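> just need the structure, nothing else, for what follows:
(one chain, ligands or ions: 3)
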Amino acid sequence: MTDSASESFVPQHIAIIMDGNGRWANSRGWKRSLGHYRGSAKVKEIIREADKLGVKVLSLYCFSTENWRRPLEEVETLMRLLKSFLIKERDELHANGVQVRVLGQLEKIPAAVRAIVTETIDMTSKNNGMVLNFCISYGSRHEIVDAVKVVAERVQSGELKPSEINEELISSLLYTGGLPDPDLLIRTSGEFRISNFFLWQLAYSEILILDKYWPDFGAEDLRNACQHFSRRERRFGATPPTPLRPGIAAT
Ligand code: IPE
Ligand code: IPE
Ligand code: MG
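Ligands and ions are numbered 1, 2, ... in the order given. Prediction:
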């Protein structure tokens with residue numbers, strides 16, 4: 001862990017809604033695609049910094065189930081950027097022990113992109129460093145519906161009794177099964193909404209909305225966000241002060 005990490009209380013799991021690429025480009029009179037291009041360069045910077053800080057899980061909201069409603073040209077740009085990002089970065093991610101996962105409807109992604117995504121997941125699957133979740137064609141409602149279907153099938157087959165359905169079971173059936181819930185959610189570009197992201201998992205996450213477009217968000221902003229997080233008092237419904245602080249205490 002680095003010096004900067006030792007000064008703060010680093011969240012175990014950081015989730016980021018990387019928003020504002022289009023407005024970043026528009027504010028300069030440029031095409032939205034340039035914003036996405038610059039945004040993908042920032043993804044690299046943030047992954048590196050999160051790893052350096054000792055974050056255990058980083059979840060990046062890259063493309064939502066609703067983003068398929070965008071013009072085809074924009075969707076194609078985003079898919080192309082995803083593919084080239086993985087091709088360029090996966091060796092370094094692998095060398096650093098990062099485990100890449102993709103949460104979402106993988107079957108909806110164009111075949112050529114899916115092939116690279118699958119290769120990257122396979123290549124890094126045995127790594128035990130930071131877990132990096134790329135949320136692609138991800139929608140939290142869809143994820144919950146998928147989990148409910150599994151529960152219904154198990155009940156129908158007699159494998160599960162309705163009385164055995166509990167929060168742990170539902171959590172385990174989500175795409176994030178086995179991972180801790182996010183301690184910190186960051187959304188860039190000032191929107192106060194969660195846009196169908198991690199509806200279940202964010203139950204007790206600290207939320208930080210930043211007034212910066214994603215392409216302007218950098219390593220220093222991530223460190224500041226961690227500092228900010230370290231000053232939050234998490235109560236989990238209890239009365240203050242509480243000893244509960246499920247993050248990684250810096251050593
Ligand atoms: C985030 O930036 C990237 C994706 C949602 C894919 P936007 O493209 O949403 O940019 P704004 O919000 O329109 O500025
Ligand atoms: C949320 O951003 C999705 C991602 C960042 C991938 P959007 O730009 O799609 O969200 P809305 O439409 O402003 O709610
Ligand atoms: Mg947006």
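> just the helices in this protein please.
3-6, 21-26, 32-53, 72-95, 111-124, 140-156, 167-173, 219-231 (DSSP state H).
> with respect to ligand 2, which of these lies nearest?
helix 21-26 (7.7 Å; C-beta to the nearest ligand atom). From N, CA and C alone the C-beta is placed, and that goes for glycine too.
> just checking, what packs against that closest one?
Contact analysis of helix 21-26 by 3 or more C-beta pairs under 8 Å, 6 or more residues apart in numbering; DSSP states H and E lists helix 32-53 as its packing neighbours.
> hmm, the helix it packs on touching ligand 2?
No - Helix 32-53 lies out of reach of ligand 2 by C-beta under 6 Å from any ligand atom, never closer than 9.4 Å.
> can you name every helix or strand that that helix contacts?
Contact partners of helix 32-53 among helices and strands, from 3+ C-beta pairs under 8 Å, 6+ apart: helix 3-6, helix 21-26, strand 57-64, helix 72-95, helix 219-231.
> now the angle from it to helix 219-231?
For helix 32-53 against helix 219-231, the angle by axes from the mean of the first three to the mean of the last three C-alpha atoms, to 10 degrees is 60 degrees.
> as CSV, could you dump the C-alpha coordinates of helix 32-53?
Listed in CSV are the C-alpha atoms of helix 32-53, where the atom choice follows Å, rounded to 0.1, in the frame of the first residue of the first chain:
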residue,chain,number,x,y,z
ARG,A,32,-19.5,13.0,-28.4
SER,A,33,-17.2,10.2,-29.6
LEU,A,34,-14.1,12.3,-28.6
GLY,A,35,-15.5,12.5,-25.1
HIS,A,36,-15.8,8.7,-25.0
TYR,A,37,-12.3,8.4,-26.4
ARG,A,38,-10.9,10.6,-23.7
GLY,A,39,-13.1,8.9,-21.1
SER,A,40,-11.5,5.5,-21.9
ALA,A,41,-8.0,6.9,-21.3
LYS,A,42,-9.3,8.0,-17.8
VAL,A,43,-10.4,4.4,-17.1
LYS,A,44,-6.9,3.3,-17.4
GLU,A,45,-5.6,6.0,-15.0
ILE,A,46,-8.3,5.2,-12.4
ILE,A,47,-7.8,1.4,-12.5
ARG,A,48,-4.1,1.9,-11.9
GLU,A,49,-4.7,4.3,-9.0
ALA,A,50,-7.4,2.1,-7.4
ASP,A,51,-5.0,-0.8,-7.5
LYS,A,52,-2.2,1.3,-6.0
LEU,A,53,-4.4,2.5,-3.2
